[in-house]
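Student: mind looking at a prediction? Sequence and model below.
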Number of protein chains: 2
Amino acid sequence: MPDSFSPLPTNALLRTAYNAVSARIFGGVKAGRDFDDLRPAHGNAMEQLELEDGLRLTEMAARAGITVQSMGELVDDLEAKGYLQRRPDPTDRRAKRIHLTKRGRKNARTAKQATAAVEDHLAELLGQQHYQQLRRSLQQIITGDARDDDQRDTAA
Amino acid sequence: MPDSFSPLPTNALLRTAYNAVSARIFGGVKAGRDFDDLRPAHGNAMEQLELEDGLRLTEMAARAGITVQSMGELVDDLEAKGYLQRRPDPTDRRAKRIHLTKRGRKNARTAKQATAAVEDHLAELLGQQHYQQLRRSLQQIITGDARDDDQRDTAA
DNA sequence: GCCCGATTATAAGGCTTCCTGAGTAACCTG
DNA sequence: CAGGTTACTCAGGAAGCCTTATAATCGGGC
């Protein structure tokens, strides 16, 4: 591992950190062997429904930032595996609402716990203050905004 | 974009931030239209050679954290496009050393500049202090280590 | 000097995750 | 009801990685 080498671009740090954190969460979910048939991408779909059950495909895709078709595949798969179920939307016959099954809810709970555990781990690893700062900085990078909690006038 | 929704897990923040930063770097590299035929993954290979020319495939794969075969594909592609060149290793007839061509060196310079520009951008966006802290935190997450710059004797 | 396991690279094929393009049914507005 | 929009599905493909298998070479032990 060439660490001494040259400072890795922040880019690379972000990716590696993401991989590390993801692997930890994913590992946590699969630890019980109950959800061996899930792959990381499925989380994209499950995450949505953890927060709000009965979403539509379009909505889920939009939230996850992937195409409707891609989300459709994930949902196909998860439906086949018994994690969720498509049900017709009573108010719009074009649409289907996607609901967690019993197994899906169980998984959602597990995932939520795993995620929470990792957040705790991070907070402990970095310390509360740095943990919160990390989250703020990431958000700033994402929005591209100088979000000015306290500093505003550094830009030329 | 459901941002108001519920605090996104740090996980998701890392991924999105990574995508944002990558896109920015990648966009910078392609801005001149000179390197239209490169895709993000190619960076995995080019990055290595920017730092050290004449590496072996095995070495590059190990550094990038991907398999030799995957790296082989990238190198195939980059060689076909004239960015680099395989040359026999004089000291080991099994091995080949991978060298940047003129075009490759030009691209490497551009990439380096683009990366540096993005680092500057981040430092400005976040402020020097938060930028540095972000990098430290990410490194800590990667190593999984409580790297304690200031506190050292917590371990039993 | 020769054999055998380890190393270097390549070939062939597969899987995952995402995409674009095209189609059908249902909705909504005028 | 006509015409455009929206929700989903089907078909096909590309990127990026993987595993397995093969061939050449290396290097240490006998």
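Tutor: Received it, and whenever you're ready, just let me know what you need. Numbers count the residues shown, from 1 in each chain, chains lettered A, B, ... in the order given.

Student: what bits of chain A have low per-residue confidence?
Tutor: Applying pLDDT under 70 to chain A picks out residues A:1-6, A:145-156.

Student: flag every residue of it that's near DNA strand C.
Tutor: Within chain A, the positions near DNA strand C by Cβ under 7 Å from any atom of the strand are A:39-42, A:44, A:66-67, A:69-70, A:73-74, A:92-94. C-betas here are computed from N, CA, C, even on glycine.

Student: any idea how far apart the tips of stretch A:49-66 sit?
Tutor: Counting by Cα to Cα, to the nearest Å, you get 16 Å between the two ends of stretch A:49-66.

Student: in that stretch, which residues are buried?
Tutor: Buried residues in stretch A:49-66, defined by neighbour count with 16 or more other Cβ atoms under 10 Å in any protein chain shown: A:49, A:50, A:55, A:56, A:57, A:59, A:60, A:61, A:62, A:63, A:64, A:66.

Student: with distance to DNA strand D added, can I get those in JSON lines?
Tutor: Shown next, in JSON lines, are the buried residues of stretch A:49-66 (distance: Cβ to the nearest atom of the strand, whole Å):
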{"residue": "A:49", "distance to DNA strand D": "13"}
{"residue": "A:50", "distance to DNA strand D": "18"}
{"residue": "A:55", "distance to DNA strand D": "8"}
{"residue": "A:56", "distance to DNA strand D": "4"}
{"residue": "A:57", "distance to DNA strand D": "4"}
{"residue": "A:59", "distance to DNA strand D": "7"}
{"residue": "A:60", "distance to DNA strand D": "8"}
{"residue": "A:61", "distance to DNA strand D": "8"}
{"residue": "A:62", "distance to DNA strand D": "9"}
{"residue": "A:63", "distance to DNA strand D": "12"}
{"residue": "A:64", "distance to DNA strand D": "13"}
{"residue": "A:66", "distance to DNA strand D": "12"}
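
Student: show me how far the helix or strand where residue A:111 lies is from its chain's centre.
Tutor: Element membership for residue A:111, per DSSP states H and E: helix A:102-126. In terms of Cα atoms, centre = their mean, to the nearest Å, the centre of helix A:102-126 is found 11 Å from the chain centre.

Student: that one near chain B anywhere?
Tutor: Yes. If you take Cβ under 8 Å from any Cβ of the partner chain as the test, helix A:102-126 does meet chain B, through A:115, A:118, A:119, A:122, A:125, A:126.

Student: quick check, nearest of the residues you listed to residue A:29?
Tutor: Using Cβ to Cβ, residue A:115 comes nearest to residue A:29 of the residues of helix A:102-126 next to chain B, at 8.8 Å.

Student: hmm, the closest one is touching residue A:26, no?
Tutor: No. With contact defined as Cβ atoms under 8 Å, residue A:115 does not reach residue A:26; the gap is 10.2 Å.

Student: related to what we said a few turns ago, of the residues of helix A:102-126 next to chain B, which is the nearest to residue B:14?
Tutor: Nearest to residue B:14 among the residues of helix A:102-126 next to chain B, with distances taken as Cβ to Cβ, is residue A:122, at 10.2 Å.

Student: compute the number of surrounding residues for that closest one.
Tutor: Neighbourhood size, residue A:122 [other Cβ atoms under 10 Å in any protein chain shown]: 23.

Student: what of residue A:30?
Tutor: Residue A:30 has 16 neighbouring residues, counting by other Cβ under 10 Å.

Student: my guess is residue A:22 contacts residue B:11, does it?
Tutor: Yes. Shown here, residue A:22 and residue B:11 form a contact pair, counting by Cβ under 8 Å, at 6.0 Å.

Student: between the two, tell me which one has more neighbours.
Tutor: Using other Cβ under 10 Å as the criterion, residue A:22 and residue B:11 rank with residue B:11 on top: 22 against 18.
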